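Engineer: dropping the sequence and predicted coords here.
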Amino acid sequence: MRSTPSSEAVPAMTPAASLVFTTLLSHGPLTRAETARRTGLSAAAITKAVRPLMELGYLVEGAHEGARPAVGRPASLVWVDAGRALFIGIKVTGDEIIAVLADLCCRIRIPRHVRLTDREPEAVLPAVTALVQELLTEADGFGVPVRGLGIAISGDVDRAAGVVRYSPFLEWRDVPLADIVQTATGLPVTVDNDVRALTVAEHWFGAGVGLSDFALVTVGAGIGCGLVVHGRVVSGAHGVAGEIGHLSLDPLGPLCHCGNRGCVEAIAADPALLRGVREATDKQVTSAAEALDLARGGDPGVREVYARAGEAIGKAIGSLVNLLGPERVIISGEGLAAYDLFADGIRDAFAASAFGTASHCDVMTRPLPFAEWARGAAATAIQSFIGSDTYEEER
């Protein structure tokens, strides 16, 4: 399998250059003056940051066809050349692998996916490698290098070490995923929690653009949460910041796979919903679609299961908003298919638990297909490539 070409065309990112690059990714094209205003850097620092990136072709300056018409002499704009490099993003679920080939602005060029019949690492990793090989072959047609590979996995993931500590849906423990895949592919590999990876993409390219503080809450097979605080996606000292799925709301509630009782995930995630629907109906319901059909058919016991789930999610979001005060909470995930059944419970519980003006937080829904989760993985690879994952604010 081919590896990345010579490192001669890879930019050596200073903290200032990394900041400028991420600003242009999210907000560009911008004039140099506007870039300075947004970053807080001096004009001289902007010039020093952009010059080597322009020389290597990662940034372009000039008239931009998408710019608004201006009176007088048009301003010279700076933007990221999306086609200058490619990245691969992979999202691994319990049932399939979703992969994308994305450009430097994280636009999906080619999507791929394969079904999984075995969740053991010995079966999954060769499938990941084969997908990467397929996308590397496709990348040849673009004539630019693939500069990184991001992998998104649910559960407790140590990004710095590249290790999946524990993934409940895959039943993986202490898998050194980054080292294994890097050896197999020759690509720089970034491994991160799937919700954090999706949060990176939303921060740079989605509903979080321009916000310094927001949260992404995902509902579905689990209950996840990604956090952006002061403009940075955070994972905390132990890598598990934002785990609202394991807030214990009821110490006498159902047992969670984490070992505690009454966790949000044990009440509102898909497995908990299916268990509740079976108990309410005495029917062997095996899929979320079946459960939804029963609820929308008017079964009061089933609708109560969803109402309790909505209440749990709303309480968790209220606690999150009270603690961190985000400008926005984005709700996403495959569980949004049932949002009409959750909505009242979420809204009422959030209103009751959010303290004071915290209740003014913008809570919005954003349906995202699984390809977007793979795109989030690609965003983490871009993040590593430009050094923004290690950026510490300097002026």
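Structural biologist: All right, it came through fine. Keep in mind the model is a prediction, meaning the values are calculated, not measured.
Engineer: nearest residue to Gly314 other than its sequence neighbours?
Structural biologist: If the residues on either side of it in the chain are set aside, Gly314 comes closest to Ala349, at 2.9 Å by C-beta to C-beta, 6 or more residues apart in numbering. Placement of C-beta: from N, CA and C, glycine included.
Engineer: surely that neighbour is in contact with Lys315?
Structural biologist: Yes: counting by C-beta atoms under 8 Å, Ala349 touches Lys315, with 4.8 Å between them.
Engineer: show me what the longest helix seen in the chain is packed up against.
Structural biologist: With secondary structure taken from DSSP state H, the chain has its longest helix at helix 300-324. Contact partners of helix 300-324 among helices and strands, from 3 or more C-beta pairs under 8 Å, 6 or more residues apart in numbering; DSSP states H and E: strand 214-219, strand 223-229, helix 264-268, helix 270-281, helix 288-296, strand 328-332, helix 339-353.
Engineer: what does the strand or helix carrying Val363 contact?
Structural biologist: Using DSSP states H and E, Val363 maps to strand 362-365. With contacts defined as C-beta atoms under 8 Å, 6 or more residues apart in numbering, strand 362-365 is touched by 207, 317, 327-332, 336, 339, 346-347, 350.
Engineer: just the closest of those residues to Ala307, please.
Structural biologist: Ile346 (10.0 Å; C-beta to C-beta).
Engineer: give the closest residue to that closest one in space, chain neighbours not counted.
Structural biologist: Gly314 (4.0 Å).
Engineer: what do you get for Arg261?
Structural biologist: That would be Gly253: by C-beta to C-beta, 6+ apart, it lies 5.1 Å from Arg261.
Engineer: for that neighbour, give its distance to Ala268.
Structural biologist: Gly253 sits 11 Å away from Ala268, going by C-beta to C-beta, to the nearest Å.
Engineer: who has more neighbours out of the two?
Structural biologist: Ala268 (32 against 18; other C-beta atoms under 10 Å).
Engineer: check which helix or strand covers Leu136.
Structural biologist: Taking DSSP H and E as the definition, one finds Leu136 inside helix 121-139.
Engineer: what is the rounded mean pLDDT of that helix?
Structural biologist: Averaging pLDDT along helix 121-139 gives 96.
Engineer: Val234 touches Val240, doesn't it?
Structural biologist: No: taking contacts as C-beta under 8 Å, Val234 lies outside contact range of Val240: 10.9 Å.
Engineer: show me what contacts the nearest residue to Ala343 once chain neighbours are set aside?
Structural biologist: In space, and not counting its chain neighbours, Ala343 is closest to Gly310: 6.7 Å by C-beta to C-beta, 6+ apart. Residues near Gly310 by C-beta under 8 Å, 6+ apart: 268, 341-346, 349.
Engineer: relative to Cys258, which of those is nearest.
Structural biologist: Looking across the contacts of Gly310 and measuring by C-beta to C-beta, the closest to Cys258 is Ala268, at 14.2 Å.
Engineer: mind checking pLDDT for the nearest residue to the closest one once chain neighbours are set aside?
Structural biologist: Leaving aside its sequence neighbours, Ala268 sits nearest to Ala309 (C-beta to C-beta, 6+ apart; 3.7 Å). In this prediction, Ala309 carries a pLDDT score of 96.
Engineer: what about Ala309, how many residues close to it?
Structural biologist: Around Ala309 there are 26 residues (other C-beta under 10 Å).
Engineer: give me the element the residue nearest to the spatial centre of the chain is part of.
Structural biologist: In the chain, the centroid-proximal residue (C-alpha atoms, centre = their mean) is Leu198; its distance is 0.9 Å. Using DSSP H and E, Leu198 sits within helix 194-205.
Engineer: buried ones in that helix, by neighbour count?
Structural biologist: Buried residues in helix 194-205, counted by 16 or more other C-beta atoms under 10 Å: 194-205.
Engineer: now do stretch 21-41
Structural biologist: Applying 16+ other C-beta under 10 Å to stretch 21-41 flags 21-26, 28-32, 34-36, 38-39, 41 as buried.
Engineer: try stretch 301-311
Structural biologist: 302-303, 305-311.
Engineer: from the chain's centroid, how far away is that stretch?
Structural biologist: Centroid displacement of stretch 301-311 relative to its chain, using C-alpha atoms, centre = their mean, to the nearest Å, is 27 Å.
Engineer: then stretch 197-207?
Structural biologist: 6 Å.
Engineer: kindly report the same for stretch 80-100.
Structural biologist: Counting by C-alpha atoms, centre = their mean, stretch 80-100 comes out at 12 Å from the chain centroid.
Engineer: also stretch 208-222?
Structural biologist: With C-alpha atoms, centre = their mean, you get 8 Å for stretch 208-222.
Engineer: straight-line length of that stretch, end to end?
Structural biologist: End-to-end span of stretch 208-222 (C-alpha to C-alpha, to the nearest Å): 22 Å.
Engineer: tell me the average confidence for it?
Structural biologist: Mean predicted lDDT for stretch 208-222 stands at 95.
Engineer: and for stretch 234-254?
Structural biologist: Mean predicted lDDT for stretch 234-254 stands at 89.
Engineer: got the contact list for that stretch?
Structural biologist: So stretch 234-254 is contacted by 156-159, 165, 193, 195-196, 215, 217, 222-228, 256, 258, 260-267, 269, 272, 275, 312, 315-317, 319-320 (C-beta under 8 Å, 6+ apart).
Engineer: what of stretch 153-168?
Structural biologist: 92-93, 169-170, 172-179, 182, 189-196, 221-222, 224, 235, 239-240, 257, 380, 389.
Engineer: point out where the protein drops to low pLDDT.
Structural biologist: Applying pLDDT under 70 to the chain flags residues 1-9, 64-74, 390-395.
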